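**Student:** Predicted coordinates and the sequence they were generated for:
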Protein chains: 4
Amino acid sequence: MGNPSAVLYGIRDVRIEDRPEPHPGPGEVVVEIDAVGICGSDVHYYEHGRIGDFVVEQPMILGHEAAGTIVETGDGVDGSRVGQLVALEPGIPDFTCEQCLHGRYNLCPNVRFFATPPVDGAITRRLVVPVAFAHPAPAGLDPEQAAMAEPVSVGVWACRKAGVTVGDRVLVTGAGPIGLFAAQVARSFGAAEVLLTDTNPHRLAVAEQLGFAVGDAREPIPGEHDVLLECSGAAAAFAAGLRSLAPAGRAVLVGMGADTVSVEVPLTQGRELSITGIFRYANTYPDALGLIASGRVDVARVITDRFPIEDTEAALTLARREPRALKAIVNPGA
Amino acid sequence: MGNPSAVLYGIRDVRIEDRPEPHPGPGEVVVEIDAVGICGSDVHYYEHGRIGDFVVEQPMILGHEAAGTIVETGDGVDGSRVGQLVALEPGIPDFTCEQCLHGRYNLCPNVRFFATPPVDGAITRRLVVPVAFAHPAPAGLDPEQAAMAEPVSVGVWACRKAGVTVGDRVLVTGAGPIGLFAAQVARSFGAAEVLLTDTNPHRLAVAEQLGFAVGDAREPIPGEHDVLLECSGAAAAFAAGLRSLAPAGRAVLVGMGADTVSVEVPLTQGRELSITGIFRYANTYPDALGLIASGRVDVARVITDRFPIEDTEAALTLARREPRALKAIVNPGA
Amino acid sequence: MGNPSAVLYGIRDVRIEDRPEPHPGPGEVVVEIDAVGICGSDVHYYEHGRIGDFVVEQPMILGHEAAGTIVETGDGVDGSRVGQLVALEPGIPDFTCEQCLHGRYNLCPNVRFFATPPVDGAITRRLVVPVAFAHPAPAGLDPEQAAMAEPVSVGVWACRKAGVTVGDRVLVTGAGPIGLFAAQVARSFGAAEVLLTDTNPHRLAVAEQLGFAVGDAREPIPGEHDVLLECSGAAAAFAAGLRSLAPAGRAVLVGMGADTVSVEVPLTQGRELSITGIFRYANTYPDALGLIASGRVDVARVITDRFPIEDTEAALTLARREPRALKAIVNPGA
Amino acid sequence: MGNPSAVLYGIRDVRIEDRPEPHPGPGEVVVEIDAVGICGSDVHYYEHGRIGDFVVEQPMILGHEAAGTIVETGDGVDGSRVGQLVALEPGIPDFTCEQCLHGRYNLCPNVRFFATPPVDGAITRRLVVPVAFAHPAPAGLDPEQAAMAEPVSVGVWACRKAGVTVGDRVLVTGAGPIGLFAAQVARSFGAAEVLLTDTNPHRLAVAEQLGFAVGDAREPIPGEHDVLLECSGAAAAFAAGLRSLAPAGRAVLVGMGADTVSVEVPLTQGRELSITGIFRYANTYPDALGLIASGRVDVARVITDRFPIEDTEAALTLARREPRALKAIVNPGA
């Protein structure tokens, strides 16, 4: 098969099919994909056929955490980049709107994000991206590690929005892949203490192996924190985390799941807390790749399972089947 | 009577009584008070005997929006300041805790704030303050104007926390004294447009006289905003205001009243909104006085009623009796 | 003549000649130019044929402060914009480099800036720009006013970099067009006091008419300032201005002219001063236009002379001939 | 001898003499000093009797990098703190001036800084400080390590002013104790790369042992940097470092020595560089102690020599005698 791709046709209906060969336009590159991480959003589309207003109405290739090798370059691109391992930033903005010009291209109203209907994703053998969104992997990285620049970017963005810095005491609620990456990133930003909470003992065990203090999310939160990175999507975790913040504390809503969170006004005013939501990330890939390459962020402990492209469906159902599972990788070249 | 003071003994029990003459310690000044604004918190203590955990358990002088003339100086204070009109910053911190050393003295856990039990307030003829908290009024201000540095400070602090700047479209929900001052302050920070909403037509009429666009708080909010200054204390106003924010919009919880507000997670994430609560203010008095002195903030239209100290109770009940009323001033010297 | 343009062939050699009609590509518009401000850089190219490393090696159209009317739209542009008055942002970046993606498109290494060799400028009847850089003028503006969005943008950018806000005492050294605009912009950002210095009494008179305190640049600077906007290009003005800054003061190098400035280390350390240089501006046009439209920035007092396109050379020599002159406008349609 | 102290009487005239026993006032503690680092400023006073306008006109105890044990507490201080190891923050501000209230207490015009004439320093057995400036050392630190919180604080402050964060490429010019600490702090703030330059091969060897890239300060600087921390005090190092900065780069003047530095205007404007001077530090001690305790900042490799108080003069002349020497520690209890 020339360009095998994992296409979602509807709820629990993923098919591996051949897609046309892509050709690069000006400023674009063709990348041969070697690793794609499975994200909760992929699983959600697979199980529900939609996320909020985004509905899978026509067959769509899944996957947006991807890395691979440049195999062809379009006009205006340095041809010597052929052969380079790159991580793909999956949200292509229009580059010229007000949000883009302000450097907030993640908020571009015309952004085309991989595997968000109707835009095709990255579980495919070859695809085309603008060269600016094909980020060179530092020497020594393998495709799996490079692909993790996507979820690590979420952590980088969360820490930037929270202004995590030396001395901060950080609480990360939710020890799934995003929480485990965000915690490591917070440590890289200089956090003095990082506490991870979850209800899943497997995840807390990994957190401990990575050197973090851990807590059961059903128990009261010990201590006082400067920063809350809410990565579980649970409204109760946010509320409890907010209460644990010190004066001038900062909270970031990272996890998705809750429709609303409740904010106590006297608490928020009395301590002058700030709360921010994040939407993907902007200008994070080189930093995320650098953190992975330097070992400050260990992705090996978070990647638990690997699948060839034919078994994409098994990758999508893994989390349901295996409480120990964290990040699954699909290799479209295997 | 030597030092007449308006003392709250319990619910709806205010008595004018003579209090001992104050004497300045080192670094302190005695101020003869000429104007005290009545704040909603004074009214709340008068009607309920408490605000949250702060309970009036012993007789307490009311009032915290005060200005007057320095009549005596303590050791280490420049004696030439006698005769100077000053606005009194009402929250005296301990100066040496972690919050104070970071410049966040409003969050000092040991702050002593006028007319917050058990600390006496300013509806009194003479009182003592540290000289650093007796801010010189610019030439030409009268005591009433200087006293308004307190509620104007709330607006300054809200605008600083929101980062209001040139070009911003600002929504102020609630057109009471705080909202009317905050709106004028926002304009002074460079806001391009300011929209004030309320349900009280008298207040909206004043807002219009001050040059603002106005709207009925029960109607949908027109337009898109960069900043929300929520000054009504109504959870519904906050929710609707938040929905009107543009990407990267910033909201500040200024008004008190609601126990909780509900925050829509997809909205807050999708637009990367930020939400902050404020608690009083820090380092605002010189700027607030400057705004009043320059005419950028017009306090005359907001001060609607004046009372001698004997009629303090009438001042406290004014808002209930008169929907047209905004800010009442008590003059302890009249 | 179909598309008359003012073309610099070499030192003191400007010719009015017909240039080919422009046609819009996708995402572009054709603008019929009605007003172009003459900037010191235009004069410098006219007199010296170069600015630093930028050398006029082939004939180049002058002018970069331009406004006009959209007369044709390319593919993907809303056709209803034909007839709209727009101000043209003159530096077109590549939109996709690291600087652009961070929102610093003014630092794009591939930026093409009007009338910077070899890029043609705007003293021409019709030209093409990307629609994102054709900023709609608010209702009521005329082309001259809209064209001034360019130098006003320099003031907006300087004030943003300096963080000018309510209460600041601002010193602007140099009362040419840039200084006069920057001072007005600083006031719009909330500055409490603005002092303008220059050696030219005509310019100081205009500054006074605009409501500013003024000083002779050869005299000692009175008072203490929070912000220095150095708009004269004179190293001595910068040095003296820096010395007048209060602790935590901020200085911005706006003016060009000096190769180096000298910074006193004990002064800069002892007061923790910060110094920044600015290069053009980014994301300022809508705000600049809003300031002009609201009357916060008065451009009428700064525009002193007007010329038809045939007299472009007279416009370029005006400043040398007339000490009273400030901003000259060339109208390619007149 | 009851309270032996190292007192500077004049140029190259240090005497060990008994000083009166200190007694704590309200809010103060008596600390028994166990370690004092020798700073370049101590050496400068010893050799020249002055630094700029600060002249040793009466005998003055030297030393300001001190740690020891609380042995007595004044009124209002928790008595259980007796026995606690503390690092002493050596600049006691007035706490109530404008600078202090803004959190910039290092810029307090009334600050009393150890061993800055006429204020006595810390090479003494017992001294008194306000308890807020006696910072508890984390468990496991010894007095030498705790004393290093002072020079490490300089690095923390420099990195905060520069906004060092994940991904930054940092150049530190000068590999003396301050540079070696600043480099380690920069790494703790997340810097991706840190390059240290010096002319002293001993110092560069230590830098390499600490894991840094190094360069000869007389050679061209390789690469491009986001941040320059100038710690050598050499004007040429600053100029060369500035030239190595990328667009939007930030430079901090940390080192003292040069009277002026020269700043290239086209460079600073064209890349929009920012330059800041720092004066001591504020709110850094807990973070500095945390960095030392966590091992992120290794002080052991920087402390090269130790002296009993009788040999204070040998400690002061060490740097002149021994090119390999870095930080000398005097122990007033030995």
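**Tutor:** Done, it's in.
**Student:** I figured residue A:140 was touching residue A:294, is that so?
**Tutor:** No. Between residue A:140 and residue A:294 there is no contact under C-beta atoms under 8 Å: 10.1 Å. Where C-beta positions appear, they are placed from N, C-alpha and C, glycine not excepted.
**Student:** okay, the two: which has more neighbours?
**Tutor:** residue A:294 (12 against 9; other C-beta atoms under 10 Å in any protein chain shown).
**Student:** Could you list which residues are in contact with the more buried one?
**Tutor:** Residues counted as contacts of residue A:294 (C-beta atoms under 8 Å, 6 or more residues apart in numbering or on different chains) are residue D:192.
**Student:** now the one 10 residues further on
**Tutor:** Applying C-beta under 8 Å, 6+ apart, we find residue A:304 in contact with A:324, A:325, A:326, A:327, A:328.
**Student:** Can you tell me the SS state at residue A:288?
**Tutor:** When classified by DSSP: H, G, I helix; E, B strand; the rest coil, residue A:288 comes out as helix.
**Student:** With pLDDT and neighbour count added, can I get the contacts of residue A:304 in a markdown table?
**Tutor:** As requested, the contacts of residue A:304 are exported to a markdown table (pLDDT from 0 to 100; neighbours: other C-beta atoms under 10 Å in any protein chain shown):
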| residue | pLDDT | neighbour count |
| --- | --- | --- |
| A:324 | 96 | 14 |
| A:325 | 97 | 18 |
| A:326 | 98 | 20 |
| A:327 | 98 | 27 |
| A:328 | 98 | 26 |
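**Student:** Just give the nearest non-adjacent residue to residue A:319, would you?
**Tutor:** residue A:325 (5.5 Å; C-beta to C-beta, 6 or more residues apart in numbering or on different chains).
**Student:** Am I right that the one you found is in contact with residue A:316?
**Tutor:** No. Contact criterion C-beta under 8 Å: residue A:325 and residue A:316 do not qualify, at 11.4 Å.
**Student:** Give me the mean pLDDT for stretch A:135-148.
**Tutor:** The average pLDDT for stretch A:135-148 rounds to 98.
**Student:** Touching that stretch from outside, list them.
**Tutor:** A:34-37, A:65-69, A:81, A:84-89, A:149, A:181, A:285-286, A:288-290, A:292-293, A:297, A:299-300, A:302-303, A:306, A:327, A:329, A:331.
**Student:** taking the residues you listed one by one, which sit in helices?
**Tutor:** A:149, A:181, A:285, A:286, A:288, A:289, A:290, A:292, A:293 (DSSP state H).
**Student:** Test my guess that the third one contacts residue A:89.
**Tutor:** Yes. In this structure residue A:285 lies within contact range of residue A:89 using C-beta under 8 Å: 5.3 Å.
**Student:** Find residues that contact each of those two.
**Tutor:** A:135, A:153.
**Student:** what about the residue nearest to residue A:58 when sequence neighbours are not counted, distance to residue A:5?
**Tutor:** Distances taken as C-beta to C-beta, 6+ apart put residue A:118 closest to residue A:58, at 5.9 Å, once the chain neighbours are dropped. Residue A:118 sits 15 Å away from residue A:5, going by C-beta to C-beta, to the nearest Å.
**Student:** Those two: which is more packed in?
**Tutor:** Applying other C-beta under 10 Å to residue A:118 and residue A:5 shows that residue A:5 carries more neighbours, namely 28 against 12.
**Student:** what phi and what psi does the backbone show at residue A:158?
**Tutor:** In terms of degrees, to the nearest 10, the main-chain angles of residue A:158 are phi -60, psi -40.
**Student:** and it, what is it in contact with?
**Tutor:** A:182, A:185, A:229, A:231, A:252, A:254, A:278.
**Student:** Now do the same for it: its pLDDT.
**Tutor:** 98.
**Student:** Assign residue A:9 to helix, strand or coil.
**Tutor:** strand.
**Student:** In contact with it, which residues?
**Tutor:** A:15, A:59.
**Student:** While we're on it, how confident is the model there?
**Tutor:** 97.
**Student:** ok so, going back, buried subset of the contacts of stretch A:135-148, written for ChimeraX?
**Tutor:** The ChimeraX selection below is limited to those of the contacts of stretch A:135-148 classed as buried (16 or more other C-beta atoms under 10 Å in any protein chain shown):
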select /A:34,35,36,37,65,66,67,68,69,81,84,85,86,87,88,89,149,181,285,286,288,289,290,292,293,297,299,302,303,327,329,331
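**Student:** Sort out for me which of the contacts of stretch A:135-148 are in strands.
**Tutor:** Counting by DSSP state E, the contacts of stretch A:135-148 place A:34-37, A:65-69, A:85-88, A:303, A:306, A:327, A:329, A:331 in strands.
**Student:** Can you name the residues of the stretch 51-200 of chain A sitting close to chain B?
**Tutor:** Residues of the stretch 51-200 of chain A found near chain B (C-beta under 8 Å from any C-beta of the partner chain) are A:52, A:99, A:102, A:104, A:106, A:107, A:161.
**Student:** Name the nearest residue to residue A:249, ignoring sequence neighbours.
**Tutor:** residue A:273 (5.1 Å).
**Student:** Give me the neighbour count for that neighbour.
**Tutor:** 25.
**Student:** Repeat that for residue A:159.
**Tutor:** Neighbour tally, residue A:159, other C-beta under 10 Å: 30.
**Student:** Downstream of the helix or strand hosting it, the next helix or strand is which one?
**Tutor:** For residue A:159, the host element (DSSP states H and E) is helix A:149-162. Downstream of helix A:149-162, the next assigned helix or strand under DSSP H and E is strand A:169-173.
**Student:** who touches that following strand?
**Tutor:** Against strand A:169-173 from outside (C-beta under 8 Å, 6+ apart): A:162, A:164, A:179, A:182-183, A:186, A:191-198, A:217, A:221, A:223-232, A:234, A:237-238, A:240-241, A:244, A:246, A:255.
**Student:** measure the closest residue to residue A:303 other than its chain neighbours to chain C for me?
**Tutor:** The shortest distance from residue A:303 to any non-neighbouring residue, by C-beta to C-beta, 6+ apart, is to residue A:327 (4.8 Å). According to C-beta to the nearest C-beta, to the nearest Å, residue A:327 and chain C sit 27 Å apart.
**Student:** Would you mind giving both backbone torsions of the closest residue to residue A:166 other than its chain neighbours?
**Tutor:** Of all residues not flanking residue A:166 in the chain, residue A:190 sits nearest, at 3.5 Å (C-beta to C-beta, 6+ apart). Taking degrees, to the nearest 10, you get phi 110, psi 0 for the backbone angles of residue A:190.
**Student:** Near the closest residue to residue A:167 other than its chain neighbours, how many other residues are there?
**Tutor:** Leaving aside its chain neighbours, residue A:167 sits nearest to residue D:287 (3.8 Å; criterion: C-beta to C-beta, 6+ apart). Using other C-beta under 10 Å, residue D:287 has 25 neighbouring residues.
**Student:** Enumerate every residue touching residue D:287.
**Tutor:** A:166, A:167, A:192, D:156.
**Student:** Same check on residue A:254?
**Tutor:** A:154, A:158, A:178, A:182, A:229, A:230, A:231, A:278.
**Student:** Domains in chain A, by residue range?
**Tutor:** A:4-148+A:302-331, A:152-277 (automatic domain parsing).
**Student:** which strands and helices sit next to the helix or strand hosting residue A:236?
**Tutor:** In this assignment (DSSP H and E), residue A:236 forms part of helix A:235-243. Here helix A:235-243 is seen to pack against strand A:169-173, strand A:225-230, strand A:245-253, strand A:260-264, helix A:265-270 when contacts are counted using 3 or more C-beta pairs under 8 Å, 6 or more residues apart in numbering or on different chains; DSSP states H and E.
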